[in-house]
Every structure is written in structure tokens, then in C-alpha cells.
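*Asks:* build me a model:
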Amino acid sequence: MARTTTHDMKAGTPWRRIGLALAGALLLGDTIALMLTGLFNFGVALPGAIGTACLALSWRWETVARWRAVSARRRWIWRAAWTAFAVWLATVTVFFYLIHRGIAESAPEATAARAIIILGSGTPHCVASPTLVARLNEGLALAQQWPAAWVVVSGGRDFLRECREADIMADYLTAHGLAPKRLIREDRSTSTEENLLFSRRLLEQQGASAGDPLVLVTSDFHLMRAKRIARKVGFEAISGAAAATPLYLRYNAWLREYFAFISGWVLREF
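*Replies:* I've put the predicted structure just below:
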């Protein structure tokens, strides 16, 4: 069996193992904490998977070092894997920058919005989540700014639950002073594309056309993709209003959106 090289021994110095262990514990702890609140999606699960891998690598570092030392091919695989991971992290960083830049540019441009569409974001335990509350509060402020605008609450039934998001959203808005007669409930959608397509049909029934000035309210991480989908389903004068994502789940949500954006592009959702 080949001996571990001096380079490999240096690569296994304690500070690297400690760094991996700390990063792994932080990432895994983030996933566990969010799962205990009832949140579970790819943006929550992936950091936990990466954290578990970091902890395992820290624990078995010397074993991995001996495995690498066996052949040049294994050392090449090791370097290629870390290079691929670094490139992936770079693309995630660029995507996060684009989201951040989009937030700064998301102030509504419509001078007299005909309608405000608020997109749902999940209702764990049939209660509005902090993310959804942020969207509703943003929509409520816009509804006060444009008192003649229709307010569409869009969201269907959550998986394995009887409640419908649109009803929970409507109840929240009316409890905070919005006139029920201004509300339009879109309660059948199961995706962003359906949110917007079904909302468009309901607005047309009320005499609002796709060419009228409309404001789309959703979370900061979701706005970039949602506006593209809105244009695809026919909205011509759509502007966006970004609701801030609560800090404790912000980057998990942004990470989930990274993959959702890629999926939407591959599936030609926009």
C-alpha cells in the first residue's frame, strides 16, 4: 500500500479538519432548526447534506488522505471534485448578487395600478408563514397606496392539507382593514405559472386586461423568476414589489430559488 505523502499530511492539518467540522455543524444545525419549524424543501435539505459531508470528511480525513495517495488518478478526482464545488459556489454567489440587485430595482413603476397580485408561499399548519406575512404586508401597503386597485390573493391547497392559501391570505388582509369587495381569490393554483395564469383570467372577468398596469407582490428571492413567468402568461405592464425574506431562512430560500430558476429555464416556464 502506498504511504501518505508529505503533501497529504500537510493537507490534513488540524485546522482544516476543525474548519470542516465547524462548517458542517453550522450547515447541519441550520437544516435541523428549520425542519423543526415545519419547513422542508431543497433549500433547507441541501445545506444539511453538505454539512453532513463536511462532518464525515473531517472525521475520516486521514482515511481519505491515504485513499488519495494511492494513485495520481485518485488525486485528480479529488482536485476535480473540489474545483467543481468551487465553481458551483461561484454560480450561487452570482445568483445571490442578481437577487440582491433586483431587490433594489423592485420599486413599483405603475403610477395607477389596476390590480395587485400577491403570490402565496405556503401555509404550514394552515397558518400564514413569516414569509407569507411579509408578502401580505407589502401588498396591504400597496393597496392603501392605490385604493381603486383590485387585490388578487393567489394560492391553492397545500400538500396534504385541507386549507387553501388564498383563503388564509384573504382572512389576513381583511383582518388588517382591506375591504372584502376589493379581493379576488385565486384558490386553485399549485405553481407560479398557474398563480399568474389563473389570476389573469379572474382579472379579465372583472374587466381588467393584461395590458393594464399591474403590480406583482412576492418575496425578494422569487421576484426575478415570477416577473418572467408573468410576461410569458401575457401580462404586458407588470412591475414588481419585493417583500423581504425573514433573515433566519433568507439564504435557504435564495438557494432553493437558484435551483427553481434553473429548472424553470430548462422547462421553458419563462
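
*Asks:* show me what stretch 180-196 is in contact with.
*Replies:* When contacts are defined by Cβ atoms under 8 Å, 6 or more residues apart in numbering, stretch 180-196 is touched by residues 115, 117, 119-120, 143, 149-157, 164-167, 170, 173-174, 197-199, 202-203, 206, 216, 222, 225-226, 229-230, 232-233, 235, 269. C-beta: built from backbone N, CA, C; applies to glycine.

*Asks:* so after the strand or helix carrying I32, what's the next helix or strand?
*Replies:* I32 is part of helix 14-36, with elements assigned from DSSP states H and E. Following helix 14-36 in sequence order, the next helix or strand is helix 42-59 (DSSP H and E).

*Asks:* re the thing from before, in the helix holding I32, what's buried?
*Replies:* Buried residues in helix 14-36, defined by neighbour count with 16 or more other Cβ atoms under 10 Å: R17, L20, A21, G24, L27, L28, D30, T31, L34.

*Asks:* counting by contacts, list what that helix packs against.
*Replies:* Packing partners of helix 14-36 (3 or more Cβ pairs under 8 Å, 6 or more residues apart in numbering; DSSP states H and E): helix 42-59, helix 61-69.

*Asks:* wait, I116 touches W146, no?
*Replies:* Yes: look at I116 against W146 with Cβ atoms under 8 Å: they come within range, at 7.1 Å.

*Asks:* and S106, how many neighbours does it have?
*Replies:* The number of residues packed near S106 is 20, by other Cβ atoms under 10 Å.

*Asks:* I misspoke; the intended subject was R75.
*Replies:* A total of 16 residues lie near R75 under the criterion other Cβ under 10 Å.

*Asks:* what pLDDT does it get?
*Replies:* Per-residue confidence (pLDDT) for R75: 94.

*Asks:* ok, the closest residue to R256 other than its chain neighbours - how many residues close by?
*Replies:* Leaving aside its chain neighbours, R256 sits nearest to G43 (2.7 Å; criterion: Cβ to Cβ, 6 or more residues apart in numbering). Counted by other Cβ under 10 Å, the residues lying close to G43 total 22.
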